[in-house]
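Visitor: The following block contains a protein sequence and its predicted model.
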Amino acid sequence: MKTATEVCPLCAGSGWKTVPGAPERGVTRCDCQVRARAAALFTGAHIPKRYEHCELSNFTSDFPGADPSIALAHIAAARFVQEFDPRDGQGLLVVGGIGTGKTHLAVGIVKELVTKYGTACLFCDYRELLKQIQNSYNDSVQATELQVLRPVFDAEVLVLDELGAVKPSEWVWDTVSLILNTRYNDNRTTIITTNFPDEPAAGIGGGPDLARRSPAFAATRRETLGDRIGERMRSRLHEMCRIVRMEGADFRQKFKSASFR
Ligand SMILES: Nc1ncnc2c1ncn2[C@@H]1O[C@H](COP(=O)(O)OP(=O)(O)OP(=O)(O)O)[C@@H](O)[C@H]1O
Ligand SMILES: [Mg+2]
Ligand SMILES: [Zn+2]
């Protein structure tokens, strides 16, 4: 129940206020409603605690030894927000080494989309998501596969963090295809981060069981995004996303002493 102190002084709880500076133009949604919607969207975006501090405004490319790709990625992220059009479904594929700031930028973009446009976003850790889906096959778990996937299909903007981080199998490939194809068909925007280089699957066929078929080859070769999610899905991603590359040192190692965070 609302107490007297919670009633908004601007609209007295009606949710509407007169248009500031032009009362003759009638009423508009009150600030308290705009704030409440943004708060609900933030909660609904499921940004993990560990990344709550990430904003585009506190991302820096101004540190000793910063790779030039970091500044370019920051610009690309800001431009993405500025030019965002939910109807064109154009997303981002952020590719780069460990700790280069991929997730920071993705979360920063989500926050801007929520505050600027009221966009319904969802942050998903790829490993976590696949685990939840697998869990849903367990009889003792209430949620069905579709219940887990529904928000992932429906989010206006989905962040799929650490794509490829699960060891590939036919099931993993099928699940990634289902997610990406559904979003592609619905023209929905997807922002993806990955540690795997955006390169094709192994020439000898790649596939989930490459290591079994050719252990020596698999052991010496660095795995690619094509290996991890399948070549067809990698090429689908190129249709869905603009590519942003981030290179350089692990930010966590570089600034262990804490002044940047
Ligand atoms: N350029 C930057 N400016 C400010 N903070 C940064 C920057 N790059 C990274 N960080 C911070 O460093 C930490 C690691 O960054 P982040 O998690 O975004 O890296 P990542 O590329 O996603 O790493 P991983 O490959 O392990 O997922 C985070 O706390 C993030 O806020
Ligand atoms: Mg990350
Ligand atoms: Zn109000």
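Guide: The structure has been received and is ready for your questions. Numbers count the residues shown, from 1 in each chain. Ligands and ions are numbered 1, 2, ... in the order given.
Visitor: which SS state does the nearest residue to residue 57 once chain neighbours are set aside fall under?
Guide: Excluding its sequence neighbours, the residue lying closest to residue 57 (CB to CB, 6 or more residues apart in numbering) is residue 108, at 7.7 Å. Backbone N, C-alpha and C define where each C-beta goes, glycine included. Secondary structure state of residue 108, per DSSP: H, G, I helix; E, B strand; the rest coil, is helix.
Visitor: Flag every residue of this protein that's near ligand 3.
Guide: 8, 10-11, 30, 32 (CB under 5 Å from the ion).
Visitor: Turn the residues you listed into a markdown table, including distance to residue 18, neighbour count and pLDDT.
Guide: As requested, those are exported to a markdown table (distance: CB to CB, whole Å; neighbours: other CB atoms under 10 Å; pLDDT from 0 to 100):
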| residue | distance to residue 18 | neighbour count | pLDDT |
| --- | --- | --- | --- |
| 8 | 14 | 17 | 94 |
| 10 | 10 | 16 | 91 |
| 11 | 9 | 17 | 92 |
| 30 | 10 | 19 | 91 |
| 32 | 14 | 18 | 91 |
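Visitor: which one of these is nearest residue 231?
Guide: When the residues of the chain next to ligand 3 are compared for distance to residue 231 (CB to CB), residue 32 comes out closest, at 50.5 Å.
Visitor: What score does the closest residue to residue 242 other than its chain neighbours have for pLDDT?
Guide: Leaving aside its chain neighbours, residue 242 sits nearest to residue 92 (5.6 Å; criterion: CB to CB, 6+ apart). Looking at residue 92, its pLDDT reads 98.
Visitor: Equivalent analysis for residue 34, please.
Guide: pLDDT, residue 34: 86.
Visitor: That one and residue 66, how far apart?
Guide: 36 Å (CB to CB, to the nearest Å).
Visitor: that older thread, shouldn't the residue nearest to residue 57 be in contact with residue 77?
Guide: Yes - applying CB atoms under 8 Å, one finds residue 108 in contact with residue 77, separated by 6.3 Å.
Visitor: any idea which residue sits dead centre in the protein?
Guide: Residue closest to the mean C-alpha point of the chain, counted by CA atoms, centre = their mean, is residue 159 at 1.6 Å.
Visitor: Pretty sure that one sits in a strand.
Guide: Yes - counting by three-state DSSP, residue 159 is part of a strand.
Visitor: ok, what's across the strand from it?
Guide: With DSSP bridges as the criterion, residue 159 is bridged to residue 123, residue 191.
Visitor: my guess is it contacts residue 189, does it?
Guide: No - the pair residue 159 / residue 189 is not scored as a contact, 9.9 Å apart, by CB under 8 Å.
Visitor: Mean confidence (pLDDT) on stretch 190-208, please.
Guide: 81.
Visitor: Over to stretch 133-144?
Guide: Per-residue pLDDT over stretch 133-144 has a mean of 89.
Visitor: For that stretch, which residues meet the burial criterion?
Guide: Using 16 or more other CB atoms under 10 Å as the burial criterion, the residues of stretch 133-144 that qualify are 133-134, 136.
Visitor: Stretch 172-190 too?
Guide: Quick answer for stretch 172-190 (16+ other CB under 10 Å): 172-173, 175-177, 179-180, 183-184, 188-190.
Visitor: Out of these, which are close to ligand 2?
Guide: Residues of the buried residues of stretch 172-190 in contact with ligand 2 (CB under 5 Å from the ion): none.
Visitor: Distance of the nearest residue to residue 158 once chain neighbours are set aside relative to ligand 1?
Guide: Excluding the flanking residues, the one nearest residue 158 by CB to CB, 6+ apart is residue 190, at 4.9 Å. Relative to ligand 1, residue 190 is positioned 16 Å away (criterion: CB to the nearest ligand atom, to the nearest Å).
Visitor: so residue 190 makes contact with residue 183?
Guide: Yes - when contacts are counted by CB under 8 Å, residue 190 is listed as touching residue 183 (5.3 Å).
Visitor: what's the overlap in contacts for these two?
Guide: Common contacts of residue 190 and residue 183 (CB atoms under 8 Å, 6 or more residues apart in numbering): 158, 240.
Visitor: for the residue in the stretch 151-261 of the chain positioned nearest to ligand 3, what are its contacts?
Guide: Residue nearest to ligand 3 within the stretch 151-261 of the chain: residue 156 (25.2 Å; CB to the ion). For residue 156, the contact set (CB under 8 Å, 6+ apart) comprises 86, 119-121, 188-189.
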